[in-house]
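In: Return atomic coordinates for the entry below.
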Amino acid sequence: MLTPLLLIAALAIVQVAQSGTLSVPPQPAWLSIVGALMLIAMTDICARKLARQQGHSQVGRLDQLVQILAFGIFSHWALSSPWVLMQHWTSLCLLPLLVVQIILWVSIARCVGAHTFKQRCSFAHLRIRFELLPILLLVIGLDIASFALTFFSDIPLLSSEILSLILALILLSILPLILVKLWACNPITDPHLKSIVDQACAQSEIRVSRTYTWPQRPFPFYNAMAMGLIPGLRIVVISEDLLQALSDDECKAVIGHELGHLRHKHLIIYLLLLFGLSAWTHVLVSSLSFLWHPWVNGHAMIGISTLIQIGLIIAGIRYLFGIVSRACERQADLHGALIAGFEPMQSALRKVAQLVGQDLDTPNWRHHSIAERIRFLQTHAQNPHIHQQHRSNIMRLSTLIIIALLTALTISIWQNSQGMDLKHARENDSELDYAMDQALTNDNDEPLYIWLTQKPELERQLFYKAALLTALGENVGKLTDTEHSKHIYNNRYLFTPFLRIRTGNDNIDLSIDNDVAYALVIGANTKEEKQAASSVLKSISPRLEEAVSSTPSAQLEDTIGCIKYTLADYKNALEYFKKAQQNLSKLRSMKEEDKAKFEKLLTERISASEAALKAVKEQQAIPALPVE
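Out: The predicted structure is shown next:
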């Protein structure tokens, strides 16, 4: 279970790196590569030694140690890599960690009797399918949720937690069909085995679409699983190795255990708990950051917040999820015993422990030890009323989880709906008052940047919206694009800190990049101002170009064209102005009158770019960039 926990932590590290809130000096990529190669070499040496000594009891410790070290190397690389900062898809950012993890598993396979390279690859392949792929599918789902959220950022009720929950439910609904293909499962065709499954389903009052088996692998594999939120997409999977090792009654007990998870909706309970943990972690870190604010500043603030957030998620999964999981596993054991009998259920547990080489008293944070599970079944056999009592306990746990999740979502929605009164905020925060005074009167954005690094993403978003109102005054919505940009330029040091630190909302970040870039193009007049603007425009342009490469936008392409023109790159300026003209029809939200003005402006800018290219060849004066 360490692999999923470390992937969750790696996911958090990537999100912090992408937000730009934790600054680590850029390091050469070869440092991380050398570190990963040294770890792989060390793991291979240790695995060879354990294989010779037959130290099977140490394999788990070696596996955990190298995974933690790989996570440490990955974290350093992610926080110091400009590529991660520019990458919007978390699943791609996790790729280096996954590659190293797979190579380490190939080495560790020596310890479990995999002598040939083909056998070691088969061992790694098995772990990829069962430990990495399910998590990766959920990470991809989160990427999709993050991407989709940019289209609904102005709808308060669609917070990231709610949208992620909706998309996760959709993904989990179709997940069984995806995993069956990825795991290369085979439908059960044996009539006798199929009748056992049908009987267990009938007794459980559960409809399952199909039952599958995991085919035999080079290494024995003993497992069973039931998945599916929707009755028509529910499946049961059991390994062929396990089928061969169990009697008919024991097989029925194992299948009954898995059906118990479906019958009592444990998957939904787990999902709600995980989203509740995520939502509460976000709420607590963003709301209680004032506790460590007086003692730390700047990036240290973000570092502490990040560590606390990761720690809370891991601790919540380890302890709260562990409590709920153990309770659900006991309920599933009881269901299997009621379906097949108490003796077959206990016998199946003993046999599975024997098959995997596990001691009966070995503790398990998700299931209890096998000995504890057997004792619980024996106690229930003597006191049947325990079943109802345990079921009531699960119901109470489920109710608490739902209440906690709804409370966290309510707080999150309330936080998203709140605005920021800058005047009141400055009166109550001397650091903000000083930072804004420096930005507005001394053209110094560094104090404001430091202040923003101390704030959670939500508060940065609120500050940006308040700063926009401050810059535009009472004329919001009445200004032309040129007037809007001049107001932004005159107050640009309220916005330039956001070029170094992100708000956590891709839509807002893109809007800031666009507004600041266009303001610098329109507003810079003196030679000194234009020189200062040029360096900033060079840093903004790649982000805007990346945005339009995936989602073409006439307004963004026009801004990029203006940047290129200002930087004397007239050929690319012409190309982007033409792209903007081609995509003009896609601006459905723009009034026809405004669209006609924009089209005329683009035509003038295309002509100016063509004239500029000709002027460069003929060494003549460059025409000015047309504005409204």
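
In: burial of residue 207, as a residue count?
Out: 12 (other Cβ atoms under 10 Å). No exception for glycine: its C-beta is placed from N, CA and C like everyone else's.

In: Which pLDDT does the model give it?
Out: Listed pLDDT for residue 207 reads 85.

In: okay, now the nearest residue to it once chain neighbours are set aside: neighbour count?
Out: In space, and not counting its chain neighbours, residue 207 is closest to residue 231: 4.6 Å by Cβ to Cβ, 6 or more residues apart in numbering. The tally of other residues near residue 231 (other Cβ under 10 Å) stands at 11.

In: repeat for residue 189
Out: So residue 189, with other Cβ under 10 Å, has 9 neighbours.

In: so what secondary structure elements neighbour the biggest helix by length in the chain?
Out: For the chain, the helix that runs over the most residues, judged by DSSP state H, is helix 386-417. If you count contacts as 3 or more Cβ pairs under 8 Å, 6 or more residues apart in numbering; DSSP states H and E, helix 386-417 packs onto helix 160-182, helix 266-287, helix 322-340, helix 370-382.

In: Tabulate these in a markdown table, adding columns for mean neighbour count, distance to residue 238 and mean pLDDT.
Out: What follows is the helices and strands packed on helix 386-417, written out as a markdown table (neighbours: other Cβ atoms under 10 Å; distance: least, Cβ to Cβ, whole Å; pLDDT from 0 to 100):
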| stretch | mean neighbour count | distance to residue 238 | mean pLDDT |
| --- | --- | --- | --- |
| helix 160-182 | 17 | 13 | 72 |
| helix 266-287 | 20 | 17 | 81 |
| helix 322-340 | 22 | 13 | 93 |
| helix 370-382 | 16 | 19 | 91 |
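
In: Of all these, which one is nearest residue 623?
Out: Smallest distance to residue 623 across the helices and strands packed on helix 386-417 (Cβ to Cβ): 46.0 Å, for helix 160-182.

In: What pairs with the following helix or strand past the closest one, parallel or antiparallel?
Out: Remark: after helix 160-182, the chain's next helix or strand is strand 186-187, criterion DSSP states H and E. The pairing partners recorded for strand 186-187 under DSSP bridges are strand 210-214 (antiparallel).

In: Okay, buried residues for the helix or strand following the strand it pairs with please.
Out: Once strand 210-214 ends, the next helix or strand along the chain (criterion: DSSP H and E) is strand 224-227. For strand 224-227, burial by neighbour count (16 or more other Cβ atoms under 10 Å) applies to 224, 225, 226, 227.

In: What of stretch 46-55?
Out: Within stretch 46-55, the residues that count as buried by 16+ other Cβ under 10 Å are 46, 47, 50, 51.

In: What are the contacting residues of it?
Out: Stretch 46-55 is contacted from outside by 56, 58, 59, 62, 107, 108, 109, 110, 111, 113, using Cβ atoms under 8 Å, 6 or more residues apart in numbering.

In: okay if I get the helices and strands packed on helix 386-417 as a markdown table plus distance to residue 97?
Out: Output for the helices and strands packed on helix 386-417, formatted as a markdown table (distance: least, Cβ to Cβ, whole Å):
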| stretch | distance to residue 97 |
| --- | --- |
| helix 160-182 | 20 |
| helix 266-287 | 20 |
| helix 322-340 | 25 |
| helix 370-382 | 33 |
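
In: which stretches of the stretch 451-600 of the chain have low pLDDT?
Out: Scanning the stretch 451-600 of the chain for pLDDT under 70 picks out 474-477, 588-589.

In: could you pull out the helices for it?
Out: All helices of the stretch 451-600 of the chain, identified by DSSP state H, counting those that start in this stretch, fall at 457-472, 481-490, 506-523, 527-550, 554-566, 570-582, 592-618.

In: what's next to the fourth one, contact-wise?
Out: Applying Cβ under 8 Å, 6+ apart, the set of residues contacting helix 527-550 from outside is 86, 496, 499, 510, 513-514, 516-517, 520-521, 523-524, 553, 556-557, 559-560, 563-564, 566-567, 579.

In: ditto for the fifth one
Out: Defining contact as Cβ under 8 Å, 6+ apart, one finds that helix 554-566 is touched by 510, 514, 517-518, 520-521, 530, 533-534, 537, 540-541, 544-545, 547-548, 570, 572-577, 579-581, 583-584, 586-587, 598, 602, 605, 608-609, 612, 625.

In: Now do that helix against helix 527-550: the angle between them, please.
Out: Between helix 554-566 and helix 527-550, the angle formed by their directions is 140 degrees, by axes from the mean of the first three to the mean of the last three Cα atoms, to 10 degrees.

In: Between helix 592-618 and helix 554-566, find me the angle.
Out: Using the same axes, to 10 degrees, the direction of helix 554-566 lies 20 degrees away from that of helix 592-618.

In: buried stuff in helix 554-566?
Out: 554-566.

In: Nearest to residue 327 among those residues?
Out: Closest to residue 327 out of the buried residues of helix 554-566 is residue 556 (51.6 Å), distances taken as Cβ to Cβ.

In: For residue 486, see how far away the closest one is.
Out: Counting by Cβ to Cβ, to the nearest Å, the gap from residue 556 to residue 486 is 20 Å.

In: Over to residue 325?
Out: Distance, residue 325 to residue 486, by Cβ to Cβ: 59 Å.

In: Same question for residue 113.
Out: Residue 113 is 73 Å from residue 486, by Cβ to Cβ.

In: Of the two, which one has the most company?
Out: Counted by other Cβ under 10 Å, residue 113 and residue 486 do not tie: residue 486 has more neighbours, with 16 against 13.

In: wait, what's in contact with the more buried one?
Out: By Cβ under 8 Å, 6+ apart, the contact set of residue 486 is 519, 522, 523.

In: could I get those as JSON lines with distance to residue 406 and neighbour count?
Out: What follows is the contacts of residue 486, written out as JSON lines (distance: Cβ to Cβ, whole Å; neighbours: other Cβ atoms under 10 Å):
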{"residue": "519", "distance to residue 406": "42", "neighbour count": "24"}
{"residue": "522", "distance to residue 406": "47", "neighbour count": "21"}
{"residue": "523", "distance to residue 406": "47", "neighbour count": "17"}
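
In: With distance to residue 412 added, can I get those in TSV?
Out: Below are the contacts of residue 486 laid out as TSV (distance: Cβ to Cβ, whole Å):
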residue	distance to residue 412
519	32
522	37
523	37
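
In: Name the nearest of the residues you listed relative to residue 135.
Out: For those, the nearest to residue 135 is residue 519 (42.6 Å; Cβ to Cβ).

In: pretty sure that closest one is in contact with residue 488, am I right?
Out: Yes: contact criterion Cβ atoms under 8 Å: residue 519 and residue 488 qualify, at 3.9 Å.

In: which residues sit against stretch 120-136?
Out: Contacts of stretch 120-136 (Cβ under 8 Å, 6+ apart): 3-4, 7, 91, 94, 98, 101-102, 105-110, 112, 114, 175, 179, 182-183, 217-219, 221, 223.

In: what's the span of it, first residue to last?
Out: One end of stretch 120-136 to the other measures 22 Å (Cα to Cα, to the nearest Å).

In: Equivalent analysis for stretch 178-196, please.
Out: End-to-end distance of stretch 178-196 (Cα to Cα): 25 Å.

In: How about stretch 309-321?
Out: Start-to-end span of stretch 309-321 (Cα to Cα) is 16 Å.
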